[in-house]
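Enquirer: Sequence and computational prediction follow.
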Amino acid sequence: MKNNRTEEGGTNRRKFLKLGLMTGFSAIAGTSIITNLTSSEEGKTESTGEVVRLLTPEGKIVEVNASNINKYPEAYITPAEARKGIPNRKFVMVIDLAKCKNARKCVEGCQKGHNLDHGQEFMKIKLMQDNPSAEPYWFPKNCMHCDEPPCVTVCPTGATFKRDDNIVLIDNERCIGCKFCVTSCPYSARIFNWEHKAKFDDKSQPYSPETSVPGATGTVTKCDFCPDLLRQGLLPHCASACPEGVIYFGDRNEDIVTNGAETVRFSELINKRGGYRHLEHLGTKPNVYYLPPVDKLYELEDGFDVSEEVKERYKDVPYVQELKKQGKI
Amino acid sequence: MNIESRKKELVKEFALRSETTSMSSKIYMGSLIAIILVGLYAFYLQMSEGQVVTGMRDNVVWGIYEVNFILLVCISYSGAFISGVLYFFHTPWKTAVTRIIEIITVLSLLIGPIYILLCMGRLDRLHYLFMYPRIQSPITWDIMAILTDIIACFIYLYLTFIPDFAILRDHSEELNISKWKRKLYKTLAIGYQDTKTQRNRLYKITRAMSTIVIVLAIVAYSVLAWIFSLTLQPGLE
């Protein structure tokens, strides 16, 4: 009896706390969205004495000082909370190689979103050739967020972890910098912070594994599928930045992926277009799918016009040298 | 007796080094210390500027550090194996070789893990290895294996030294050495009097340890092989 009662009390209290937390979170999210709207409408006024009237989810109108709210656009997720994942989601990415022309907008968008330096790329675009008689194609490559991640297996401290929503994240407050995960990743998705940078000292935004910002010296970082944006119902930086709609992002449970312009059934897309996963034979079970580069929308040469850097990068490739001789680049 | 007089001769012949330090050995030690100081300065540079000074990048993340670690652990492995096998199979000329090999084994095992520490990006978080250990990771096992190996090899080395410490203790009056050295020999000899039972017991323990050292060397190196079997990065796989 006694036990039952205490248990009941415990669950009740827990429920109550949960409810409180939930309402708290939704209130924060709600206020931030409202302020976003108002600020974008009124044109950003940053006077400190301004008072904003807000409608809370409970239906009350409150007056809040504008400088107090909307410090972060999303609710802050601590490293401990970041280990749980977004409930009932199985995130998946589909990259349509037939549409990619190496515009490099995904790379730039990602670098801007994650405060990366030039040359530090979570999303890389590689020139790929399957066999000598096939034409090369552009191959955007990020972290595959594998279901059997070798990096998570080898981590000695549990700094990198696999969440229920398919995302593999790094907690750089736990990372000891042994770099074992860098060597264990067959996709070379991981980047090590070799030196201290001034941006690491910028503590205006508290560290969360979901944003990977700010970085820390001597720790590993990588593509994180932008869970901070996913919580707000937005697409990752790379998917929203792509002008060609190459990158589809979605939820496997809902069987839906979208590139912002069109929304399609994931299973249908993969079945119809012959979707495959990179290095399937390793058994890592990636969550990034590729649609083969058939009936390409753009010529390979178009990708070289982006910058001199790209031309420089592939100047030793025989195929590229051949193109140069023909005067196509 | 004959053995006693032989012991005295031995002490006279070999114990001179514990009495005085010659000039050449002082210079030798000084130069070694100088090299260590250069290394410490390089370590300071690496700590203050970040690992970028090593010249390693994302495609070469371990580089010479890991190579040195493997080399030294390999030396210790072969040393432990050779001395263990020699002792285990009663090879007649083992005593001449075993000691050198065992000292090399212990020293290389002590120096090897230093390279791993140098290779780590965040030395200040070293204790996380024990705070949040994951037994799925071969690194956790590597730490255990190497630590056990160091301890076992050290015990094995010490066991073979006990009779010699006893000799030095018994004849310390004849040697011109300072008091603390005499005390040291006395403690290190742990009351070994070279009686028949003691000798028999020491022999049995050493034999058991030689087996353990062989097994541990195999274990430690298998764990290393496990680590390298999990590196799938192109170029390392």
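Expert: That came through fine. Keep in mind the model is a prediction, meaning the values are calculated, not measured.

Enquirer: Going along the chain, name the strands of the stretch 151-300 of chain A.
Expert: Assigned by DSSP state E, counting those that start in this stretch, the stretch 151-300 of chain A shows strands spanning A:160-162, A:168-170, A:191-192, A:220-221, A:247-251, A:256-258, A:263-265, A:276-277, A:288-291.

Enquirer: Counting by contacts, list what the fifth one packs against.
Expert: Pointing back at strand A:247-251 there. The contact analysis (3 or more C-beta pairs under 8 Å, 6 or more residues apart in numbering or on different chains; DSSP states H and E) places strand A:247-251 against strand A:91-96, helix A:237-241, strand A:256-258. In short, each C-beta sits where N, CA and C put it, glycine included.

Enquirer: and if you look at the fourth one?
Expert: Using 3+ C-beta pairs under 8 Å, 6+ apart as the contact criterion, the secondary-structure elements in contact with strand A:220-221 are strand A:191-192.

Enquirer: cool, the first one as well?
Expert: For strand A:160-162, the helices and strands in contact under the criterion 3+ C-beta pairs under 8 Å, 6+ apart are helix A:150-154, strand A:168-170.

Enquirer: Dump those into a markdown table; add mean neighbour count and distance to chain B as well.
Expert: Shown next, in a markdown table, are the helices and strands packed on strand A:160-162 (neighbours: other C-beta atoms under 10 Å in any protein chain shown; distance: least, C-beta to the nearest C-beta, whole Å):
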| stretch | mean neighbour count | distance to chain B |
| --- | --- | --- |
| helix A:150-154 | 23 | 5 |
| strand A:168-170 | 25 | 12 |
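
Enquirer: and those as TSV, adding distance to residue A:248 and mean pLDDT?
Expert: Listed next are the helices and strands packed on strand A:160-162 as TSV, based on distance: least, C-beta to C-beta, whole Å; pLDDT from 0 to 100:
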stretch	distance to residue A:248	mean pLDDT
helix A:150-154	24	94
strand A:168-170	19	95
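
Enquirer: any idea how far residue B:141 is from residue B:13?
Expert: 46 Å (C-beta to C-beta, to the nearest Å).

Enquirer: Apologies, that question was intended for residue A:274.
Expert: The spacing between residue A:274 and residue B:13, counted by C-beta to C-beta, is 83 Å.

Enquirer: Residue B:54 too?
Expert: 48 Å.

Enquirer: picking that back up, so residue B:141 and residue B:13 - more neighbours on which side?
Expert: The neighbour comparison of residue B:141 against residue B:13 (other C-beta atoms under 10 Å in any protein chain shown) goes to residue B:141, with 20 against 8.

Enquirer: pretty sure the more buried one belongs to a helix, no?
Expert: Yes - per DSSP: H, G, I helix; E, B strand; the rest coil, residue B:141 lies within a helix segment.

Enquirer: which phi and psi does residue A:139 have?
Expert: Per-residue torsions, residue A:139: phi -130, psi 100 (degrees, to the nearest 10).

Enquirer: from what I can see it touches residue A:126, true?
Expert: Yes - applying C-beta atoms under 8 Å as the test, residue A:139 and residue A:126 come out as touching, 4.6 Å apart.

Enquirer: Residue in the stretch 101-250 of chain A with the shortest distance to chain B?
Expert: Residue nearest to chain B within the stretch 101-250 of chain A: residue A:177 (1.9 Å; C-beta to the nearest C-beta).

Enquirer: Residue B:87 touches residue B:207, doesn't it?
Expert: Yes - the pair residue B:87 / residue B:207 is scored as a contact, 6.7 Å apart, by C-beta under 8 Å.

Enquirer: neighbour count winner among the two?
Expert: residue B:87 (23 against 14).

Enquirer: okay, now the closest residue in space to the more buried one that isn't next to it in sequence: neighbour count?
Expert: Nearest non-adjacent residue to residue B:87, counting by C-beta to C-beta, 6 or more residues apart in numbering or on different chains: residue B:210, 4.0 Å away. Per other C-beta under 10 Å, the neighbour tally for residue B:210 reads 23.

Enquirer: Same check on residue A:61?
Expert: Using other C-beta under 10 Å, residue A:61 has 8 neighbouring residues.

Enquirer: Make TSV out of the helices and strands packed on strand A:247-251 and add distance to residue B:119.
Expert: Converted to TSV, the helices and strands packed on strand A:247-251 look like this (distance: least, C-beta to C-beta, whole Å):
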stretch	distance to residue B:119
strand A:91-96	33
helix A:237-241	32
strand A:256-258	41
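
Enquirer: For the closest residue to chain A within chain B, grab the count of nearby residues.
Expert: Nearest residue of chain B to chain A, counting by C-beta to the nearest C-beta: residue B:121, 1.9 Å away. Residue B:121 has 21 neighbouring residues, counting by other C-beta under 10 Å.

Enquirer: Now do the contacts for it.
Expert: For residue B:121, the contacting residues are A:175, A:176, A:177, A:178, A:179, A:192, A:193, A:217, A:218, A:219, A:220, B:51, by C-beta atoms under 8 Å, 6 or more residues apart in numbering or on different chains.

Enquirer: which of the residues you listed sit farthest apart?
Expert: A:178 and A:217 (14.6 Å; C-beta to C-beta).

Enquirer: the more surrounded of those two?
Expert: residue A:178 (24 against 19).
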